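Engineer: Coordinates for the following, if possible.
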Amino acid sequence: MGCESDPQDKIKQQLETGLELTPQSVYDALPKYAPLSFGNASIGPFKDLSPDMPPAGNQESLGSCVARAVAYGFKSYQEHLQYGTRYTPSTLMSPAFIYNQIHANSTESGGGSFIHEALDLLRDQGVCSLMDMPYNGNLWGYTEEITETMRVAALSNKIKSYSTVTDLSDIKNSIYAGMPVMASFRLCDGFLFPTQEDGIWVWKELKNKFREKEGFGYHAMVIVGYDDNLRRLKLFNSWGSSDLSVEK
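Structural biologist: Have a look, this model is predicted:
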């Protein structure tokens, strides 16, 4: 008598996460976001930054979701918006430059990483482009050494500072001002089975009804939009352009 494996377990084996939660004491000490004023205008009920985001990439076999959110997602978007350049290997930022320096361990997938450490590195060292340092998502791909040429190229792509948001109002304020928000998510099995509405993948129930305490890890994504009428946030993920990617 044979037994079929759980389809959820099959999907989990194909996806990597990799977020390490920033300790609360560290998070509390970080600068706080100061909401921007839009004069007499109020924040609109809808904003979508995804048309200006880079194509969704895939972290593949590494626990590099943080670096893909911070470097590939956010920083590539910022450079694109500032200079009006098309997305090419020379204008897309390399998640490998970040991840290869902050990965948690020396296992084959490299382990996870902290968002605040990725942002600290982006502030202090910058990040080079994919042309300077291509991303290798294979097992052990994080072992490529960073050369002096890569470090010099990274210096021109620094951020001045970053801050933490306090609530949904801060998130919407930042997005309305054109600034995506890096966010931490605890993923449960329900995240693997979204519904599709008008070509958009929607997660309505993220609670795992059968294995509530298990889940399958913490994951970093970028919040790139909101819709008050639908009560939704739009996310930029790092699982490629398959059905399990939030943004295509």
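Engineer: Give me the pLDDT for the residue most central in space within the chain.
Structural biologist: Central residue of the chain (C-alpha atoms, centre = their mean): Ala69, 2.5 Å from the mean position. pLDDT, Ala69: 98.
Engineer: ok, it touching Ser184?
Structural biologist: No: the pair Ala69 / Ser184 is not scored as a contact, 9.7 Å apart, by C-beta atoms under 8 Å. C-beta coordinates here come from the backbone N, C-alpha and C atoms, glycine included.
Engineer: Touching both of the two, which residues are there?
Structural biologist: Ile115, Ala220 (C-beta atoms under 8 Å, 6 or more residues apart in numbering).
Engineer: Give the full set of residues in contact with Ser76.
Structural biologist: Applying C-beta under 8 Å, 6+ apart to Ser76 gives the contacts Met53, Pro54, Tyr87, Thr91, Leu92, Met93.
Engineer: what do you get if the cut-off is 6 Å, keeping everything else the same?
Structural biologist: Counting by C-beta atoms under 6 Å, 6 or more residues apart in numbering, Ser76 makes contact with Pro54, Leu92, Met93.
Engineer: and the gap between the second one and Ala71?
Structural biologist: Yep, that's Leu92 we're talking about. Going from Leu92 to Ala71 by C-beta to C-beta, to the nearest Å gives 9 Å.
Engineer: What of the first one?
Structural biologist: Taking C-beta to C-beta as the measure, Pro54 and Ala71 are separated by 11 Å.
Engineer: The two: which has the busier surroundings?
Structural biologist: For Pro54 versus Ala71, neighbours defined as other C-beta atoms under 10 Å are more numerous around Ala71 (30 against 20).
Engineer: ok so the more buried one is a helix residue?
Structural biologist: Yes: assessed by DSSP: H, G, I helix; E, B strand; the rest coil, Ala71 belongs to a helix.
Engineer: That one against Ile98, yeah?
Structural biologist: Yes: the criterion here is C-beta atoms under 6 Å, and Ala71 meets it with Ile98 at 4.7 Å.
Engineer: can you give me the helices in this protein?
Structural biologist: Remark: helices assigned in the chain by DSSP state H are 7-14, 24-29, 65-67, 76-83, 95-102, 115-124, 148-154, 168-176.
Engineer: wait, what's in contact with Ser109?
Structural biologist: For Ser109, the contact set (C-beta under 6 Å, 6+ apart) comprises Ser61, Leu62, Gly63.
Engineer: Next one, pLDDT for it please.
Structural biologist: pLDDT for Ser109: 95.
Engineer: same question, Glu144
Structural biologist: At Glu144, pLDDT is 95.
Engineer: so what's the backbone phi/psi at it?
Structural biologist: When quoted as degrees, to the nearest 10, the phi and psi of Glu144 stand at phi -60, psi 130.
Engineer: Number of residues surrounding Leu230?
Structural biologist: Neighbour tally, Leu230, other C-beta under 10 Å: 13.
Engineer: End to end on stretch 182-195, go ahead and measure it.
Structural biologist: One end of stretch 182-195 sits 24 Å from the other (C-alpha to C-alpha, to the nearest Å).
Engineer: Okay, buried residues for that stretch please.
Structural biologist: In terms of neighbour count (16 or more other C-beta atoms under 10 Å), stretch 182-195 has its buried residues at Met182, Ala183, Ser184, Phe185, Leu187, Cys188, Asp189, Gly190, Phe191, Leu192, Pro194.
Engineer: Spatially, what comes nearest to Asn58 if we skip its sequence neighbours?
Structural biologist: Nearest residue to Asn58, sequence neighbours excluded (C-beta to C-beta, 6 or more residues apart in numbering): Gly240, at 3.4 Å.
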